[in-house]
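Trainee: fold the following for me, if possible:
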Amino acid sequence: MLKAMGLPAAAAPFLFGLPSVSGATLGPKPRRLIIVFSANGVVGDAMWPDAPGPIEAFKPILEPLEPYRSRVSTLRGVNNKVRGLGDNHMRGISCLLTGNELFPGNIVGGGGTAPAGWARSISIDQQIKNLLQKNEQTRTVFGSLEFGVAVPNRSDTWTRMCYAGPNQPVAPISNPRQMVDKLYGETADKKSLLSVVDGVKDDLKRVSGKLSPEDRELMQRHLELIAQMQTQLELADANDSRHHPVPEVDPHIELVNDNTPQVSRIQIDLLVNSLANNMTRVATLQYMRSVSQARMKWLEVEEGHHSLSHEPDKNQDAQDKLIKINQWFAGEIAYLAKQLADTPEPGGVGGSMLDNTLIVWTNELGKGNNHTHTDIPFVLIGGENLGIKQGQAIDFKPKIAHNRLLMSLARAMGHELESFGINKLCQGGTIELG
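Mentor: Residues are numbered from 1 along each chain as shown. Alright, predicted model coming up:
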């Protein structure tokens, strides 16, 4: 197609997903899923609404999402009931999306728990990806994209939540330059990403006359984002501290970049851009790792996140700092929601991308200082066209296994699963979110 239009191959990434060029359509209601992870539990009293039903006001942690309150639902009473090997942090992250136990292995967890390995089965994001890739109408270039922010450069059960299958962890990409290379091709032999744009901008300008007005606007936004991202990447490099090694004396501590907020915004911009150009319809965004000891100095928090999460409830200073940390995560998700809400749905079908994208924010623990898998936080944003009724505080009584929620996410993406993960934890089937 590119050859017939007289375009170089380098122009392809800038035209992905534009119906006027490809001749394809996204359909009237494309469905997209983004799963966002943060660690170490939450302060429940500062997060959960006071009562089930319509959400009248947010508690402090969710206040950054106030502009989207009518498009947000909180799910309380969802438990991770998966047991077996490994400590609660290990099972918290690696069983979170798989709904299954860990294999025996040589990774020793805390509290004298038996060593464990990787998860026994595929994660729900990869399951949905595989189902979408089988259908010509929903197939995309990448199938799924796994973004990371300050995930340490190490491979263990505490750092992986996505699995392509049994014993097949999928590593997130935390370096924005690596993600740019994945999306747009290797740029190591070029002075900058802008040089790629400079090489094809005349070709893109020429073909823009053949695009629909909607696609022409989308391509322009695409090119503007690339220019903006170049500046952000250069600033991030100037403040880069990623080369700090993990201290050998304590493998549970990682040094987190002071430029983490900047990296987060770059990754979110890349994520939204990849969705807008139909490079993928399934993505994950992983902040740090399970047992994260991030020192969030940009929030004036000097202590490690994990250490703070172990403080007793009566330590008000620690509680205040934990609320501030989770407010920051909520603010990043609010930025993600805004970018989606401000981007018109490609293909001229009307509405914004947030209408057709479900964001799921979750955690490996319900509460940090008791390592509980009860009341795992799940917050849903957007996705009204996926059959999600928003603006609701839902409190499941009796509490349900999170396997049933994973099945419900697949259903929202148009796929019915009779079970997922451990069969006995799927009893009762999907839950009603519409």
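Trainee: helix or strand next in line after the helix or strand in which D125 is found, which one?
Mentor: Using DSSP states H and E, D125 sits within helix 124-133. Going down the chain from helix 124-133, the next helix or strand is strand 143-149, by DSSP H and E.
Trainee: quick one: that following strand to helix 124-133, angle?
Mentor: Strand 143-149 runs at 150 degrees relative to helix 124-133, counting by axes from the mean of the first three to the mean of the last three CA atoms, to 10 degrees.
Trainee: sorry, back to before: what's the helix holding D125 packed up against?
Mentor: strand 32-38, strand 143-149, strand 162-165, strand 280-287, helix 402-412 (3 or more CB pairs under 8 Å, 6 or more residues apart in numbering; DSSP states H and E). (Each C-beta comes from the backbone N, C-alpha and C, glycine too.)
Trainee: so which of the ones you listed comes closest to P176?
Mentor: Closest approach to P176 among these (CB to CB): strand 143-149, 9.0 Å.
Trainee: identify the residues contacting stretch 287-304?
Mentor: The contact list for stretch 287-304, computed with CB atoms under 8 Å, 6 or more residues apart in numbering, reads 36-40, 89-90, 92-93, 148-152, 158-159, 252-256, 258, 260-261, 264, 305-308, 318, 321, 324-325, 328-329, 332, 364.
Trainee: hmm, which of the residues you listed are the buried ones?
Mentor: Buried members of the contacts of stretch 287-304, scored by 16 or more other CB atoms under 10 Å, are 36-40, 89-90, 92-93, 148-152, 158-159, 252-256, 260, 264, 305-306, 308, 318, 321, 324-325, 328-329, 332, 364.
Trainee: which of those residues fall in helices?
Mentor: Those of these mapping onto helices are 89-90, 92-93, 260, 264, 305-306, 308, 318, 321, 324-325, 328-329, 332, per DSSP state H.
Trainee: give me the most central residue, the protein.
Mentor: L285 (2.6 Å; CA atoms, centre = their mean).
Trainee: report the separation between that one and S73.
Mentor: 19 Å (CB to CB, to the nearest Å).
Trainee: I'd like the distance between the residue nearest to G351 when sequence neighbours are not counted and C95.
Mentor: Leaving aside its chain neighbours, G351 sits nearest to E345 (5.0 Å; criterion: CB to CB, 6 or more residues apart in numbering). E345 sits 34 Å away from C95, going by CB to CB.
Trainee: can you pull the contacts of the residue nearest to G351?
Mentor: So E345 contacts 26, 30, 351-353, 355-356 (CB under 8 Å, 6+ apart).
Trainee: which strand residues bridge the residue nearest to the centre of the chain?
Mentor: Beta-bridge partners of L285, counted by DSSP bridges, are V36, F147.
Trainee: now do the same for it: its pLDDT.
Mentor: Listed pLDDT for L285 reads 98.
Trainee: what's the answer for the one 5 residues further on, then?
Mentor: Predicted confidence (pLDDT) for S290: 94.
Trainee: three-state assignment of it?
Mentor: Here S290 is coil, with the state taken from DSSP: H, G, I helix; E, B strand; the rest coil.
Trainee: not counting its neighbours along the chain, what's nearest it?
Mentor: Nearest to S290 is I93, by CB to CB, 6+ apart, at 3.9 Å.
Trainee: residues touching that neighbour, list them.
Mentor: Taking CB under 8 Å, 6+ apart as the test, what I93 contacts is 37, 39, 157-161, 289-290, 364.
Trainee: and Q286, by the same measure?
Mentor: Contacts of Q286 by CB under 8 Å, 6+ apart are 36-37, 146-149, 151, 161, 172.
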